[in-house]
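I'd like to go over a predicted model; first the sequence, then the structure.
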Amino acid sequence: MAPTLLTVLLHLGALHPAEKGLTLLLAFGPFVVLAVVVAVRRRQDAAAQATSHEPTDPTDPHRD
């Protein structure tokens, strides 16, 4: 009887704690980095808009 992929994967057993940590880091790390980048950019945009002298209206057709 030839081993199937499922039996091979089940035979490998549980991951080592270091492997589990690395797997979680690779799975969720990019999303954490993206969230940090979005938060920093929003904070920078809010600070830039707060220091501008004229209010900006995104619906104004005459703005530059």
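Cool, got the structure.

contacts, neighbours, all on C-alpha from now
Noted.

all helices of the chain, in order?
Listed in chain order, the helices of the chain (DSSP state H) span 5-12, 17-51.

of these, flag the one that's most buried.
Sort the helices of the chain by mean neighbour count, taking mean count of other CA atoms under 10 Å, and helix 17-51 sits at the top with a mean of 11.

give the other helices and strands that that helix contacts.
Helix 17-51 sits against no helix or strand, with contacts defined as 3 or more CA pairs under 8 Å, 6 or more residues apart in numbering; DSSP states H and E.

how far out from the middle of the chain is it?
5 Å (CA atoms, centre = their mean, to the nearest Å).

which of the helices of the chain comes out lowest on mean pLDDT?
Looking over those, mean pLDDT reaches its minimum on helix 5-12, with a mean of 69.

returning to that earlier point: what's the closest of the helices of the chain to Thr59?
helix 17-51 (15.9 Å; CA to CA).

want to try JSON lines for the helices of the chain, with distance to Pro58 as columns?
Formatted as JSON lines, these follow (distance: least, CA to CA, whole Å):
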{"stretch": "helix 5-12", "distance to Pro58": "54"}
{"stretch": "helix 17-51", "distance to Pro58": "12"}
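
between the ones you listed, which one is nearest to Pro61?
Closest to Pro61 of the helices of the chain is helix 17-51 (CA to CA; 18.8 Å).

how near is Phe31 to Lys20?
18 Å (CA to CA, to the nearest Å).
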